[in-house]
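One predicted model, sequence on top.
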Amino acid sequence: MDKNKIIVFDTTLRDGEQSPGCSMNTEEKIKIALQLEKLGVDVIEAGFAAASPGDFDAVSRIAEMVKNSSICSLSRAIDNDIKQSGLAVCKAPKHRIHTFIATSPIHMKYKLKMSPDEVIKRAIHAVEYARTFVDDVEFSLEDAGRSEIPFMKEVMDAVINAGARTINLPDTVGYRLPNELGAMVKELSAYAGDRAIISVHNHNDLGLATANTLAAVLNGARQIEVTINGLGERAGNSALEEAVMAIKTRKDAFGNLYTTINTPEIYATSRLVATVTGVEPQQNKSIVGKNAFSHESGIHQDGVLKHQETYEIMKPEDVGVFKDSTLILGKHSGRAAFRDKIVHMGFDKVSDEELNAAFERFKVLADKKKDVTDDDVRMLITDESLNQDKTYDLVGLQISDCTAGVPTAAVAIKYKDQIMKDAAIGDGTMDAIFKTIDRLTGYTGELKDYKVTSVTEGKDALAKVTTRVSFDETSPAFVGHGLSIDTMLATAKAYLGALNSYLSQKERLSKNSEHQV
């Protein structure tokens, strides 16, 4: 083992998805997993296989498709959880089971209602059972940040002897300060020695997740558990882009420590996750925020123009940000030039179907916009890749509304080879659109969340609409994506996209169930 390498364990698809409003369908998770592989992530925690048939389906399909990263599934220290994880990751060339149990006094007393001895016995059995499915087992001492060090040493001895290769010390509630967490990791890392890799998983409740992660690295941790854009439960997790770029940028502090992350893919990965989840990083978010490499102060602008390092400690291109880049193509450009451009932007695995659809939309956009930017094209390509499963396809939309008038929407939808048309009135234009789609498809959706953002600046900017819609009480809300200069058209596409996502997942799970029977 290279003791200078920091293993990057990404949990965007598991802990990140647990952020309110961040649920993803299987196809979206696959897109993100493949991008994480391209980013160079060592371990992808693809989900909680036992949580639902949808989660199992996502983990197992990712395991079949990802070749270079290790695929991991989380499980409680319960036999069925572990079994589902083992079955879900079994087809991956490299795979891992991550199992856990709480070790803090407050969790053992009030949540588990178990004695310390019972916790140790459960932990040993969990690791031993997980080893019957995989060789690579990670064990987490949940709420390690509030656990007692002597007891954690007992647990570590037990699970390492049972076969755990990685010991994770999560600050589950984001309680510890960097000096406190660093001291804990230093003591437990020395105690583990060469017997296991020490990992950390820090939450951001006090805004210290990345600071704690870096303190842990400096004190012996050799795996960091992170998410793209810092997504995660409550206030989120340590952000991959922050931890990785800190290690890369501050060689004076981290010495020979390194990650194998392909950092120019950071921005593209951030944009994909933001598009899929509908959760945009704040503008002043480090590394990937819109303002991360912007300078408004005249003093700063003057300094950067004279010498970049006066106010920029990283080059934007190091993380895949190319400032002031516009597409040097127009409405007369051909497919070959368009393909060359998107390959240069990092979209080297786009299918011919996605390329052709995105190209046609680009031609329409080029007729309407003065400048087509890289962000516009990135969004066109991403939108096509996220909307491949189209049971229903929007063909036309006409809306009517005015002050003191009656909001009306007329919608045309293609279903198989049939064009269906209908119209409805509503309490507003959006309500009229949704009601018309419900009548045409026969499915009634309940809108849980609605977001509209501008892809770029200007009155002619593309509108990106993200909806979360629930279609039955037994399934989670599904995310839909819509993209258009016309916000209402983008809204209709997003609502229909959520329905298509729901139907696709329902059909696939039904087929899997029939196959198992």
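Done, it's in. Residues are numbered from 1 along each chain as shown.

Just the strands from this protein, written as ranges.
7-10, 43-47, 70-76, 95-102, 137-142, 166-171, 197-202, 223-226, 392-400, 408-415, 418-425, 446-454, 463-470, 478-484 (DSSP state E).

Return the most buried member of these.
When you average the neighbours per residue for each of these (mean count of other Cβ atoms under 10 Å), strand 43-47 leads with a mean of 30. Where C-beta positions appear, they are placed from N, C-alpha and C, glycine not excepted.

Give the closest residue to Glu446 in space, chain neighbours not counted.
Nearest residue to Glu446, sequence neighbours excluded (Cβ to Cβ, 6 or more residues apart in numbering): Ser470, at 4.7 Å.

residues contacting Ala33?
For Ala33, the contact set (Cβ atoms under 8 Å, 6 or more residues apart in numbering) comprises 13, 44, 46, 62, 65-66, 69.

how about a cut-off of 7 Å?
Applying Cβ atoms under 7 Å, 6 or more residues apart in numbering, one finds that Ala33 lies in contact with 13, 44, 46, 62, 66.

now swap in Ala492 and tell me
Residues near Ala492 by Cβ under 7 Å, 6+ apart: 394, 397, 411, 433, 437, 482.

which one among these gets closest to Ile106?
Gly482 (44.9 Å; Cβ to Cβ).

so what pLDDT did that closest one get?
Gly482 is assigned 93 on the pLDDT scale.

now Lys31
At Lys31 the predicted local distance difference test score is 93.

cool, and Glu154?
The pLDDT attached to Glu154 in the predicted structure is 98.

Where is the longest helix in the protein?
helix 487-516 (DSSP state H).

Report the inter-axis angle for that helix versus strand 392-400.
Put simply, helix 487-516 runs at 150 degrees to strand 392-400, going by axes from the mean of the first three to the mean of the last three Cα atoms, to 10 degrees.

In helix 487-516, which residues are buried?
Neighbour-count burial for helix 487-516, with 16 or more other Cβ atoms under 10 Å as criterion, is recorded at 487-505, 508-509.

Could you pull out the helices in the stretch 51-200 of the chain for me?
Under the criterion DSSP state H, counting those that start in this stretch, the stretch 51-200 of the chain carries helices at the ranges 53-65, 79-89, 105-106, 116-130, 149-162, 178-192.

helices or strands next to the fourth one in the packing?
What it means is helix 116-130. Using 3 or more Cβ pairs under 7 Å, 6 or more residues apart in numbering; DSSP states H and E as the contact criterion, the elements in contact with helix 116-130 are helix 79-89, strand 95-102, strand 137-142, helix 149-162.

Adding distance to Ser189, write these out as JSON lines.
Output for these, formatted as JSON lines (distance: least, Cβ to Cβ, whole Å):
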{"stretch": "helix 79-89", "distance to Ser189": "26"}
{"stretch": "strand 95-102", "distance to Ser189": "19"}
{"stretch": "strand 137-142", "distance to Ser189": "14"}
{"stretch": "helix 149-162", "distance to Ser189": "11"}
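
what about those, which gets the closest to Leu218?
Each of these was checked against Leu218 via Cβ to Cβ, and the shortest separation belongs to helix 149-162, namely 18.7 Å.
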